[in-house]
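Participant: predicted structure and sequence below. I'll ask about it afterward.
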Amino acid sequence: MKDNQIYITYGKDAAAMATELMNAVDLASMIGSRTRSIALKPNLITSSTPDHGAVTHTEIVTAVIEYLQDHGFADIRIIESSWVGDSTRRAFAVNGYPNISEKYNVPLVDVKDDAYERRTAAGITMEISRQALETDFLINLPVLKGHCQTLMTCALKNMKGILSDRSKRLFHTLGLHKPIAALNSIRKPDFVLVDNINGDLDFEEGGTPVYTYRMLAGTDPVLMDSFCAEQIGFDISDIPYIGLAEKMGVGRSDLSKLETIELKDAICLPSKSTGRARRLERYTDAESACSACYANLINALARMDENGTLRNLEGRRVCIGQSFRGREGKIGVGNCTRSFDNTVKGCPPSANAIREMLENLT
């Protein structure tokens, strides 16, 4: 695949979605020689399960292993380090990784116990997992979700899990953005498969999942994060590490050059949300809404809640869903409400586009 491409699919079967994307991009050819070493880097920040919206769905990891082994790759390992204060071993255990390791003969590497190499970029010296540096091909399996400090975490920030705990603390001391960009300039992923099934709305540790039932694949982590930022309602400039990573040569953020390839249309599934998302639902009128479209609307409302513009919707509701096709109305989201007075087209439209339309209502 080309660096300016992002492949997207939808569904409820995480393993099938991951396999569909890997087949579509021909990941085996991308990796090349069957003797190359491969590391899988999921997000296991805490000892929670995927339903909380914080960690990578285990089925994605097993699907990647099965795909690789079916294509003749044998040197595969899983590398990860939970956040400071939590146990990677416990996170592995809670999500069934020891059984995966035994079944597929794939080693688990707790980066907290790994040897490190000191590397410097942009004036920042950090300790990076030796196995992450030495592996021939690194597959990044992040969860797209909110973050209380950087607003968003996806491909670029997920690489923080290849650091020592000491360097993680240093990154926070330095404000995260520049160090995250610097880390990726030293060791960026070779392939990114984003778990956007039910990422948390606000917090990297989970608790307020919003179900999008979406998965994305690409090779440029800067472009991926740029696209994903827009999908959940942020401007690229809101996430400084994206622009910094681009300046350091990690990738490109220009979405005008992006080519998206959707393998399936967004599917119509019941939306599931909890906590803060449920409070935001009072601004919506959803009838047969597709999950991805509805999740993007909730993310747009969350961004408006944060910046104080949600009051623009007091006394009004935003219509969304297939039941509004051919009907007229005041405010709508998506192609199904194309006949409304105020609407944003797309299937689904990005949260950023939705937010801009709603904030400009008169």
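Facilitator: Arrived safely. Numbering: from 1, shown residues only.
Participant: quick one, domains of the protein?
Facilitator: Here the domain parsing of the chain from automatic domain parsing is 5-262, 276-359.
Participant: using a markdown table, lay out these together with mean pLDDT.
Facilitator: Shown next, in a markdown table, are the domains of the chain (pLDDT from 0 to 100):
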| stretch | mean pLDDT |
| --- | --- |
| domain 5-262 | 95 |
| domain 276-359 | 89 |
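Participant: mean neighbour count for those - can I get that in CSV?
Facilitator: (C-beta placed from N, C-alpha, C; glycine too.) Putting the domains of the chain into CSV (neighbours: other CB atoms under 10 Å) gives the following:
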stretch, mean neighbour count
domain 5-262, 20
domain 276-359, 20
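Participant: mind listing what the residue nearest to I45 when sequence neighbours are not counted touches?
Facilitator: In space, I45 comes closest to W83 once its chain neighbours are excluded; the distance is 5.0 Å by CB to CB, 6 or more residues apart in numbering. Applying CB atoms under 8 Å, 6 or more residues apart in numbering, we find W83 in contact with I45, T46, K168, E205.
Participant: closest to S185 out of those residues?
Facilitator: Ranked by distance to S185 (CB to CB), these are led by K168 at 17.5 Å.
Participant: that closest one sits in which helix or strand?
Facilitator: helix 165-173 (DSSP states H and E).
Participant: what about that helix, distance to the chain center?
Facilitator: 22 Å (CA atoms, centre = their mean, to the nearest Å).
Participant: helices or strands up against that helix?
Facilitator: Judged by 3 or more CB pairs under 8 Å, 6 or more residues apart in numbering; DSSP states H and E, the packing partners of helix 165-173 are strand 124-129, helix 177-186.
Participant: can you give me the angle that helix makes with strand 124-129?
Facilitator: 140 degrees (axes from the mean of the first three to the mean of the last three CA atoms, to 10 degrees).
Participant: now helix 165-173 against helix 177-186, angle please.
Facilitator: Using the same axes, to 10 degrees: helix 165-173 against helix 177-186 is 130 degrees.
Participant: can you list contacts of helix 165-173?
Facilitator: 81, 83-84, 112, 124, 126-128, 149, 160, 163, 179-180, 183.
Participant: and stretch 85-96, by the same measure?
Facilitator: Here stretch 85-96 has contacts from 44-50, 55, 58, 80-82, 98, 108, 110-112, using CB under 8 Å, 6+ apart.
Participant: in helices only, show me these.
Facilitator: Among the contacts of stretch 85-96, DSSP state H puts T58, P98 in helices.
Participant: so which of the contacts of stretch 85-96 belong to strands?
Facilitator: E80, L108, D110 (DSSP state E).
Participant: let me see the contact set for the first one.
Facilitator: So that's E80. K41, P42, N43, L44, T88, A91, F92, V109, D110, V111, G161.
Participant: just checking, Q322 touches S288?
Facilitator: Yes: at 4.2 Å, Q322 and S288 qualify as touching, with contact defined as CB atoms under 8 Å.
Participant: circling back: as a markdown table, the ones in strands among the contacts of stretch 85-96 with distance to R316 would be great.
Facilitator: Formatted as a markdown table, the ones in strands among the contacts of stretch 85-96 follow (distance: CB to CB, whole Å):
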| residue | distance to R316 |
| --- | --- |
| E80 | 44 |
| L108 | 51 |
| D110 | 51 |
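Participant: nearest to E356, of these?
Facilitator: E80 (36.6 Å).
Participant: distance check, that closest one against C319.
Facilitator: 42 Å (CB to CB, to the nearest Å).
Participant: cool, and T62?
Facilitator: From T62 to C319 the distance is 40 Å (CB to CB).
Participant: same check on T58?
Facilitator: Applying CB to CB to T58 and C319 gives a distance of 37 Å.
Participant: for the stretch 101-250 of the chain, what spans make up the helices?
Facilitator: Remark: helices assigned in the stretch 101-250 of the chain by DSSP state H, counting those that start in this stretch are 130-134, 155-158, 165-173, 177-186, 221-231, 240-247.
Participant: any idea which of the ones you listed gets closest to C336?
Facilitator: Closest among the helices of the stretch 101-250 of the chain, using CB to CB: helix 221-231, at 18.5 Å.
Participant: hmm, who's touching that closest one?
Facilitator: 3-4, 6, 140, 144, 152, 154-156, 159, 184, 188-189, 192, 194, 196, 216, 218, 235-236, 238-239, 242, 245-246, 250-255, 258, 260, 296, 299, 350-353.
Participant: for T260, give me phi and psi.
Facilitator: Taking degrees, to the nearest 10, you get phi -100, psi 140 for the backbone angles of T260.
Participant: partner residues bridging it?
Facilitator: Judged by DSSP bridges, the bridge partners of T260 are I6.
Participant: pretty sure it is touching I8, no?
Facilitator: Yes: contact status for T260 versus I8: in contact at 6.1 Å, counting by CB under 8 Å.
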